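S.K.: Generate coordinates for the sequence data below:
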Amino acid sequence: FLQGPRTDPRAVAKIRKAVDEGYDTSVCLLNYRIDGSTFYNQFFVAPLRDGQGNVVNYVGVQCQVSDQFAQAIARDEPLPDM
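M.R.: Residues are numbered from 1 along each chain as shown. Just a heads-up that it's a prediction; the model follows:
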């Protein structure tokens, strides 16, 4: 992910915590293109487990969303302070 000065560090921390602790999460992120322009994407990550319940990999899905969608998500689901 190309993060920049306006990428919310709480969203990045939420992803890291979910990966570290082995649970799924979803966040809306402001990312940067190589040319410096910005875009929002909804990012989902989940652990993949084996038959014994051990995390063996992760799957991540991202989808570009509109600015209006990102603002609605931010109003409805504020990120906790981490």
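S.K.: Can you list the buried residues in stretch 6-21?
M.R.: By 16 or more other CB atoms under 10 Å, the buried positions in stretch 6-21 come out as 7, 11-12, 14-15, 18-19. Just so you know, the C-beta spots here come from the backbone N, C-alpha and C atoms, and that holds for glycine as well.
S.K.: quick check: mean pLDDT across that stretch?
M.R.: For stretch 6-21, mean pLDDT rounds to 94.
S.K.: list the contacts for residue 28?
M.R.: Going by CB atoms under 8 Å, 6 or more residues apart in numbering, residue 28 touches 11, 40-43, 65, 69-70, 73-74.
S.K.: residue ranges with poor pLDDT in the protein?
M.R.: 1, 76-82 (pLDDT under 70).
S.K.: After the helix or strand hosting residue 26, which helix or strand is next? Please name it.
M.R.: Using DSSP states H and E, residue 26 sits within strand 25-32. Counting by DSSP H and E, the element after strand 25-32 in chain order, helix or strand, is strand 38-49.
S.K.: Can you show me the CA trace of the top helix by length along the chain as CSV?
M.R.: In terms of residue count, the longest helix belonging to the chain (DSSP state H) is helix 9-21. Listed next in CSV are the C-alpha coordinates belonging to helix 9-21 (Å, rounded to 0.1, in the frame of the first residue of the first chain):
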residue,chain,number,x,y,z
PRO,A,9,-2.2,5.7,11.2
ARG,A,10,-5.1,4.2,13.3
ALA,A,11,-6.4,2.4,10.3
VAL,A,12,-2.9,0.9,9.6
ALA,A,13,-2.6,0.0,13.2
LYS,A,14,-6.0,-1.8,13.1
ILE,A,15,-4.8,-3.9,10.2
ARG,A,16,-1.5,-4.7,12.0
LYS,A,17,-3.3,-5.7,15.2
ALA,A,18,-5.7,-8.0,13.4
VAL,A,19,-2.8,-9.7,11.6
ASP,A,20,-0.8,-10.0,14.8
GLU,A,21,-3.7,-11.4,16.7
